[in-house]
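Chemist: output the structure for:
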Amino acid sequence: MEYRGVRIETCEGVYSPCDDTFLLAEALEEELRPGDRVLEVGTGTGLLAILAARRAGRVLAVDVSDLAVECARRNVAANGVDNVEVRKSDLFSRVTGKFDLVIFNPPYLPSEDLEPEDDLSRAWDGGRDGRRVTERFVRECPGYLRQGGRVLLVQSSLSAPEKTREMFLRLGFEVSVVAEKRFFFERLCVIRAVQR
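Modeler: Here you go, the predicted structure:
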């Protein structure tokens, strides 16, 4: 597939860019500042990391899935991008340093399963309330932000985005919604949180 001049190979077992990815891409384009140090959590195919690399100083793209890490590395190489590193990490488990901007399209769909069955379902399965990964991310991300660092996080009306907003506010962030798209069964939004 091609999106905004980036050619991406979609890979079996890896979440393909979709409406939520493109909504985050639009918010990223507005948010990104020249020279930013960017972390993309849950990179999948690497599309957003490659887009960020156009203006960012450095991009670290991580994913818990071996398949996604390999797919993203291939796409980064195929697009000739030299300021993106792709690494396996369960959220921040293998991340060091601090970033100006952290972006994440988390698994947010509610599911009855106790644990995702495979890498692809892990990309969308947010647990019983859709918040299993999101809440962990919000709790951990402040330690990886520079002063005034920003977060862009995709949320769905199916998984209580107001709870995410409240979590960020309790942690001292300024919070707003910077992008939104409605579907017949849900509303997707991108929450922007700025560390004070």
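Chemist: look up how far Glu186 lies from Leu60.
Modeler: For Leu60, the distance to Glu186 equals 30 Å [Cβ to Cβ, to the nearest Å]. To be clear about C-beta, it is placed using only N, CA and C from the backbone, and glycine gets the same treatment.
Chemist: tell me which of these two has more neighbours.
Modeler: Neighbour comparison, Leu60 and Glu186: the larger count goes to Leu60, with 24 against 13 (by other Cβ atoms under 10 Å).
Chemist: so what's Asp63 bridging to?
Modeler: Lys88 (DSSP bridges).
Chemist: tell me the pLDDT of the spatially most central residue of the chain.
Modeler: A centroid search over the chain (Cα atoms, centre = their mean) returns Phe104, at 1.7 Å, as the residue closest to the centre. What the model reports for Phe104 is a pLDDT of 98.
Chemist: leaving out chain neighbours, which residue sits closest to it?
Modeler: Val41 (4.2 Å; Cβ to Cβ, 6 or more residues apart in numbering).
Chemist: residue contacts, that neighbour?
Modeler: Counting by Cβ atoms under 8 Å, 6 or more residues apart in numbering, Val41 makes contact with 62-63, 89, 91-92, 102-104, 106, 137.
Chemist: got the contact list for the residue nearest to the centre of the chain?
Modeler: 40-42, 137, 151-154.
Chemist: would you mark the buried spots in the top strand by length along the chain?
Modeler: Identified as the longest strand of the chain according to DSSP state E is strand 145-156. Under the neighbour-count criterion of 16 or more other Cβ atoms under 10 Å, strand 145-156 has 145, 149-156 buried.
Chemist: pull the helix or strand with minimum mean pLDDT from the chain.
Modeler: helix 119-122 (a mean of 67; mean pLDDT, DSSP states H and E).
Chemist: what pLDDT does the nearest residue to Asn79 once chain neighbours are set aside get?
Modeler: Distances taken as Cβ to Cβ, 6+ apart put Ile50 closest to Asn79, at 5.3 Å, once the chain neighbours are dropped. According to the prediction, Ile50 has pLDDT 98.
Chemist: swap in Leu109?
Modeler: Per-residue confidence (pLDDT) for Leu109: 73.
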